[in-house]
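Participant: Need coordinates for the below:
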Amino acid sequence: MELGLKGKRAIVTGASDGIGLAIAEALTTEGVRVFGAARREDGPDVEGLAYETMDLAPADAPVALVEAAVERLGGVDMVINNVGIGIMRDGFLSISDDDWAEVMNLNLMTAIRTMRAALPHLSESGGVIVNIASVNAVIPIVEAADYSTSKAAPLSVGKAVAKERSEERRAG
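Facilitator: So this is what the prediction gives:
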């Protein structure tokens, strides 16, 4: 399928396996130069994918991710926020504050920080951000209320940022 993406540059978080790897592979097939990152040290061997082992949970890691991608690719046209963690638990009361903080930090704050770091580069290229969620963002599960909540939030913040950018373009 020809999507007109040849020559574009993308960041894909959580690119070592699963959905992130499938996205990275699909984009490279379309001629996109992809910078992928994940915690896994033995990254995938995909032609057109520059992979770096990175833990994106620390607050400064998404900035380092975007800087590395911009340096490697010469800019960024799209960001796919896919990194995430989900743990099945024994219901809402079993989820501690530390559990909530860990899941919200990785699933929400990593996306927010990556968006914040990438937006100046995306504005230059007219790029896009895609926040990968889960069916559990709209159909929560009791065994992972923290995960469900953390996957709904990036959808909301993504819409807010898109609306802000649209209003800025109309005003500018």
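Participant: so what secondary structure elements neighbour the lengthiest helix in the chain?
Facilitator: Secondary structure of the chain per DSSP state H: the longest helix is helix 145-171. Helices and strands touching helix 145-171, by 3 or more C-beta pairs under 8 Å, 6 or more residues apart in numbering; DSSP states H and E, are helix 97-104, helix 110-125, strand 128-131. Heads up, the C-betas are built off the backbone N, CA and C, glycines and all.
Participant: Please name the bridge partners of residue 36.
Facilitator: Residue 36 has these beta-bridge partners by DSSP bridges: residue 12, residue 51.
Participant: neighbours around it, how many?
Facilitator: 30 (other C-beta atoms under 10 Å).
Participant: same question, residue 34
Facilitator: 26.
Participant: What of residue 126?
Facilitator: Residue 126: 8 neighbours (other C-beta under 10 Å).
Participant: Which positions within stretch 54-63 qualify as buried?
Facilitator: 54, 56, 57, 61, 62 (16 or more other C-beta atoms under 10 Å).
Participant: hang on, I meant stretch 115-134
Facilitator: Buried-residue list, stretch 115-134, by 16+ other C-beta under 10 Å: 115, 117, 118, 119, 121, 122, 127, 129, 131, 132, 133, 134.
Participant: what's the distance between the residue lying closest to the last one once chain neighbours are set aside and residue 3?
Facilitator: If I follow you right, that is residue 134. With C-beta to C-beta, 6 or more residues apart in numbering as the criterion, residue 134 has its nearest non-adjacent residue at 4.3 Å, and that residue is residue 151. The gap separating residue 151 from residue 3 is 25 Å, by C-beta to C-beta, to the nearest Å.
Participant: follow-up on the earlier one: please convert the buried residues of stretch 115-134 to a markdown table, extending it with distance to residue 34 and pLDDT.
Facilitator: Formatted as a markdown table, the buried residues of stretch 115-134 follow (distance: C-beta to C-beta, whole Å; pLDDT from 0 to 100):
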| residue | distance to residue 34 | pLDDT |
| --- | --- | --- |
| 115 | 18 | 97 |
| 117 | 17 | 97 |
| 118 | 14 | 97 |
| 119 | 19 | 95 |
| 121 | 15 | 94 |
| 122 | 15 | 92 |
| 127 | 14 | 90 |
| 129 | 15 | 96 |
| 131 | 17 | 97 |
| 132 | 15 | 96 |
| 133 | 20 | 94 |
| 134 | 22 | 94 |
